[in-house]
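> I'll drop the sequence and a predicted model, then ask my questions.
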Amino acid sequence: MRHVLDEIRPADAQKNSCPIRDVLDRIGDQWSLLVLATLNPGVKRFSQLEREIGDISKQMLSKTLRRLEQDGFVAREVHAEVPPRVEYRLTALGRSFLEPMRALIRWAEANQAAIVAARRGAQ
């Protein structure tokens, strides 16, 4: 029996980790999309990101930036100054994700009311 995901994932995904799950687990957390969107206009320092995002803790911002850097979405550059200046920017991979991210945001905005209504109906 064919699985519905067989049409959108490669055949080797069944043998290895699923690419959809792997990517969505990383960018689908509470903060990653906000960090990526905030970096969209250009280079930002840690304190700028913290200020613009607002309700994220320093620890969570640091963890999110580390994960996005590990996955190749964000580049971190340390300038040898006193005190050290650290800047973050989107990589080519990070920029390539902006359009699918915008589509997801548009879909969520267009469908949030229907989802909330469905949740209320299911209770």
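Good, I have the coordinates.
> so Arg76 bridges to which residues?
Arg76 has these beta-bridge partners by DSSP bridges: Tyr88.
> just checking, what packs against the longest helix anywhere in the chain?
Across the chain, the longest stretch assigned as helix under DSSP state H is helix 98-122. Applying 3 or more C-beta pairs under 8 Å, 6 or more residues apart in numbering; DSSP states H and E, one finds that helix 98-122 contacts helix 32-39. All C-beta atoms are positioned from the backbone trio N, CA, C, and that covers glycine.
> What residues sit buried inside the helix or strand of the chain with the lowest mean pLDDT?
Using mean pLDDT, DSSP states H and E, the weakest-scoring helix or strand in the chain turns out to be helix 19-27, at a mean of 82. Neighbour-count burial for helix 19-27, with 16 or more other C-beta atoms under 10 Å as criterion, is recorded at Ile27.
> centre of the chain versus that helix, how much separation?
Put simply, helix 19-27 sits 10 Å off its chain's centre (C-alpha atoms, centre = their mean, to the nearest Å).
> What of stretch 52-63?
The answer for stretch 52-63 is 14 Å, by C-alpha atoms, centre = their mean.
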